[in-house]
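1. Task: produce atomic coordinates for the following.
(one chain, ligands or ions: 1)
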Amino acid sequence: MAKTRDIVIIGGGHNGLVAACYLAKAGLKPLVLERREIVGGASVTEEIHPGFRCSTLAHAAGPLLPQIVKDLELGQHGLETITPEVCVTALEAQGRSLTIYNDPGRTASELQQICAKDAKIYSEFAATFSRIGRMLAPLLAMTPPSIEESAPGAIWNLGKLGVAFRRLGKKDAFRLLRWGPMAVADLVAEWFETELLRATIAARGIFGTFAGPWSAGTSSGLLWQAAMEGQAVGSASFMKGGMGAFTQALAKAACASGVEIRTGAGVERIRVNQAKTSAVVLANGEEITARAVVSNADPRTTFLKLVDPLDLDPDFLLKIRNYRAVGTVAKINLALSGLPSFPTLSGVNAYTRLSGRIHIGPEIDYLERAFDAAKYGDYSPAPYMDITIPSVMDQSLTPSGAHVMSVYVQFAPYNLKHGDWNSRREEFGNAMVNVLSTYAPNLRDLIVSRQVITPLDLEQTYGLSGGHIFHGEQSLDQFFTFRPLIGWAQYRTPIKGLYLCGAGTHPGGGLTGGPGANASREIIKDFKSSRI
Ligand SMILES: Cc1cc2nc3c(=O)[nH]c(=O)nc-3n(C[C@H](O)[C@H](O)[C@H](O)COP(=O)(O)OP(=O)(O)OC[C@H]3O[C@@H](n4cnc5c(N)ncnc54)[C@H](O)[C@@H]3O)c2cc1C
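-> Reported below is the predicted structural model:
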């Protein structure tokens with residue numbers, strides 16, 4: 001009979017791999033089971049056309065928590081980060097463009113040509129978010145406190161946070177309390193006059209969510225962004241070789257620490273015996289026994305597909321059914337024979353301006369209307385797009401002179417009112433190329449090949465329940481102590497020995513590694529105290 005493993009990790013997404021590395025460093029022997037033929041989850045580089053490689057889903061880093069890069073020595077395992085000086089270039093179809101740089105002073109100079117008032121206040125805006133972000137940053141690496149029983153460590157951490165909050169000073173403290181529940185459209189209107197600037201910043205508050213800029217609580221997205229990066233706008237941080245290079249480096253680090261990884265190994269069932277997990281069953285019927293099972297799959301997949309409903313308390317089951325995870329994002333990846341030209345960028349530094357993210361969504365009303373379409377069950381014909389052309393900075397991805405363009409499209413709802421995604425895929429792809437062509441008229445002539453990834457593909461191919469890119473909405477009611485559910489935000493679950501470590505846990509989605517690192521810390525504690 002096969003021996004019982006220490007730990008089985010379901011899913012080789014970046015969080016599953018981060019958790020595996022830390023668990024192995026603590027002396028355990030994790031086995032990672034990944035259903036696809038490659039590890040990486042939504043952080044993968046795949047060949048979309050012979051010779052053209054692209055970050056198929058996520059195209060910019062979260063950013064990764066620096067402590068994780070250091071602890072896991074990812075540089076030594078081949079990770080090379082590319083950080084252009086440009087965060088984002090926002091385009092209007094006709095008229096102007098605006099580039100936001102990592103350096104607030106440079107952004108202010110750019111704004112000077114558009115609006116002197118906005119140029120003057122931009123540095124204060126950036127500094128404010130940087131201060132508040134610094135105060136919030138420790139939350140990322142913290143296990144959210146339990147409302148029922150607070151561990152001494154949790155109380156200590158909260159105490160430290162309270163002190164940091166007091167140190168913010170009255171003005172910033174009030175700002176933080178007031179901004180969290182606000183609609184991001186109101187927040188940006190309090191700071192700026194330029195519509196293109198307002199919309200570009202507000203977009204970060206709605207990225208990945210089923211919400212428009214007028215939805216309550218969307219400002220919290222900017223605050224969270226600031227906690228991760230020290231700025232509200234969101235930088236552009238890439239990996240040489242695409243986002244897959246990040247998870248490949250993680251896989252190498254994991255193997256070097258003694259982790260075993262099996263691909264093409266989808267888990268069908270988590271076996272539970274007397275409210276304790278005992279094994280997983282693979283699609284081919286193989287059963288693997290383990291002392292603990294850690295799921296990198298999203299909460300709905302874990303509890304509604306992999307666990308038998310009879311093994312869960314009906315109240316918990318109902319709460320998981322109510323956990324909101326309806327996706328609203330699609331992805332278009334284009335192999336291009338050359339670099340598209342954007343007339344609004346003509347002039348100096350056009351190439352540099354394309355090195356960061358490219359934002360389409362020039363007005364707050366444009367973004368809200370794009371959300372309206374999704375609300376009523378259709379994709380937006382004029383969506384919010386976050387685009388990267390990674391080959392501008394990384395020629396290893398394409399043949400010489402050619403490019404890949406990665407187009408994140410929001411709003412494309414998982415639930416369509418008319419037809420289904422498989423029958424509407426090409427129509428959708430054509431509509432999106434039309435949108436892009438209004439900004440880059442020569443684009444159509446450059447397309448060598450097109451990959452359209454619908455929300456249904458995100459579910460079926462990449463295992464994201466409801467096609468939700470963050471394993472569930474990141475709204476205030478599904479955040480921190482509420483992620484995924486109140487009472488279950490400490491990575492443990494009602495089933496003894498079963499843990500969650502993916503983006504459906506705190507600190508949520510994005511390529512940060514935070515959920516995997518935090519979950520591993522709790523699991524190690526339980527192993528050490530013989531709780532499992
Ligand atoms: C289209 C798109 C664009 C995005 N853009 C960005 C971006 O630009 N920047 C950013 O920071 N974030 C972005 N994100 C979000 C980010 O990619 C995710 O938050 C992150 O990948 C979550 O990592 P994870 O390890 O928790 O889960 P995942 O990456 O989802 O990995 C989970 C893994 O579990 C596997 N799995 C699931 N079920 C089973 C099973 N039954 N058996 C075995 N294996 C299983 C899956 O195959 C997958 O490999 C994007 C996501 C998408 C989908």
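
2. And the helix or strand hosting residue 20, what does it pack against?
-> Following DSSP states H and E, one finds residue 20 within helix 14-25. Contact partners of helix 14-25 among helices and strands, from 3 or more C-beta pairs under 8 Å, 6 or more residues apart in numbering; DSSP states H and E: strand 5-10, strand 30-33, helix 66-71, helix 243-256, helix 514-528. Backbone N, C-alpha and C define where each C-beta goes, glycine included.

3. From the ligand, how far out is residue 361?
-> 15 Å (C-beta to the nearest ligand atom, to the nearest Å).

4. That residue touches residue 201, doesn't it?
-> No: counting by C-beta atoms under 8 Å, no contact exists between residue 361 and residue 201, whose distance comes to 10.9 Å.

5. Just give me the neighbour total for the spatially closest residue to residue 114 that is not a sequence neighbour.
-> The shortest distance from residue 114 to any non-neighbouring residue, by C-beta to C-beta, 6 or more residues apart in numbering, is to residue 194 (5.5 Å). Neighbour count for residue 194, taken as other C-beta atoms under 10 Å: 19.

6. Cross-check the contact I'm expecting between residue 194 and residue 112.
-> No: applying C-beta under 8 Å, one finds residue 194 not in contact with residue 112, separated by 11.4 Å.

7. With just CA atoms, put whichever helix or strand residue 387 is part of into PDB.
-> Using DSSP H and E, residue 387 maps to strand 384-388. Coordinates of each C-alpha in strand 384-388 appear next as PDB, following Å, rounded to 0.1, in the frame of the first residue of the first chain:
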ATOM      1  CA  TYR A 384     -12.300  48.800 -20.700                       C
ATOM      2  CA  MET A 385      -9.100  47.300 -22.000                       C
ATOM      3  CA  ASP A 386      -5.700  46.900 -20.300                       C
ATOM      4  CA  ILE A 387      -3.200  46.000 -23.000                       C
ATOM      5  CA  THR A 388       0.500  45.100 -23.000                       C
END
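
8. if you average pLDDT over that strand, what comes out?
-> Mean pLDDT, strand 384-388: 98.

9. Just the pLDDT for residue 347.
-> Residue 347 is given a pLDDT of 75.

10. For it, grab phi and psi.
-> Note on residue 347: backbone dihedrals following degrees, to the nearest 10 are phi 120, psi -160.

11. Now for the residue of the stretch 101-250 of the chain found nearest the ligand: which residues touch it?
-> Of all residues in the stretch 101-250 of the chain, residue 208 sits closest to the ligand, at 6.7 Å by C-beta to the nearest ligand atom. Contact analysis of residue 208 by C-beta atoms under 8 Å, 6 or more residues apart in numbering lists 328-329, 410, 468-470, 474, 509.

12. Which strands and helices lie in contact with the strand holding residue 387?
-> Counting contacts by 3+ C-beta pairs under 8 Å, 6+ apart, strand 384-388 packs against helix 195-206, strand 357-360, helix 364-375, strand 403-410, helix 421-439.

13. Could you dump these into JSON lines with mean pLDDT and mean neighbour count added?
-> As requested, the helices and strands packed on strand 384-388 are arranged in JSON lines below (pLDDT from 0 to 100; neighbours: other C-beta atoms under 10 Å):
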{"stretch": "helix 195-206", "mean pLDDT": "98", "mean neighbour count": "26"}
{"stretch": "strand 357-360", "mean pLDDT": "98", "mean neighbour count": "27"}
{"stretch": "helix 364-375", "mean pLDDT": "98", "mean neighbour count": "20"}
{"stretch": "strand 403-410", "mean pLDDT": "98", "mean neighbour count": "26"}
{"stretch": "helix 421-439", "mean pLDDT": "98", "mean neighbour count": "17"}
